[in-house]
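Student: can you look at this prediction? I've put the sequence above it.
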Amino acid sequence: MVKVFFSKKIRPGGQKGTSITTSKRVSVPEGTTLMEAARKLDLKEVPAMCGGNCACGTCHVYIDEFYLDKVPPIRACSPEIDLLQEKESFDNKRSRLSCQIKLTKELNGLLVHLLDDELL
Ligand code: FES
């Protein structure tokens, strides 16, 4: 099993004021994608509209900086980078499509930061 943490900053009382970070944890079998792990938690921030076919970009997450060198890079033949670069929230270092990351034991303990729900 691979353990993954999804964290999100929230601002109690609206957009102003101090933010706090919350996180949810899930354990999934090796080979599960990061998007499927998010779905197991029913995270609305990862609607994954195309069901993991690398076509919608709605499974966009930020990989925590500590894990950047552990996550396999974007494949050259994949449309992933094009989908990511269309997003206003694109971060050249941390942005990934969660449906394109298979969880292996090397990624056990992976920390992922959620974006706001991009459809709302
Ligand atoms: Fe659509 Fe990942 S679920 S691109």
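Tutor: Structure received. Residues are numbered from 1 along each chain as shown.
Student: from here on, just use CA atoms for contacts and neighbour counts.
Tutor: Fine.
Student: hey, where'd the helices end up in this structure?
Tutor: Secondary structure of the chain, counting by DSSP state H: helices at 34-40, 80-85.
Student: tell me the most buried of the ones you listed?
Tutor: With neighbours defined as mean count of other CA atoms under 10 Å, the helices of the chain peak in mean count at helix 34-40, which reaches a mean of 21.
Student: hmm, who's touching that one?
Tutor: By CA atoms under 8 Å, 6 or more residues apart in numbering, the residues outside helix 34-40 that reach it are 4, 6, 26-28, 46-48, 52, 59, 97-103.
Student: filter the residues you listed down to the buried ones, ChimeraX style.
Tutor: Of the contacts of helix 34-40, the buried ones go into a single ChimeraX selection, burial set by 16 or more other CA atoms under 10 Å:
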select :4,6,28,46,47,48,52,59,97,98,99,100,101,102,103
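Student: to residue 114, which of the helices of the chain lies closest?
Tutor: Set against residue 114 and scored by CA to CA, those come closest in helix 34-40, at 9.9 Å.
Student: the spatially most central residue of the chain and residue 73: what is the separation?
Tutor: Closest to where the C-alpha atoms of the chain average out (CA atoms, centre = their mean) is residue 61, at 2.9 Å. From residue 61 across to residue 73, the span is 14 Å (CA to CA, to the nearest Å).
Student: contact partners for residue 26?
Tutor: Neighbouring residues of residue 26 by CA under 8 Å, 6+ apart: 3-5, 37, 40-41.
Student: same question, residue 100
Tutor: 33-35, 52, 54, 80.
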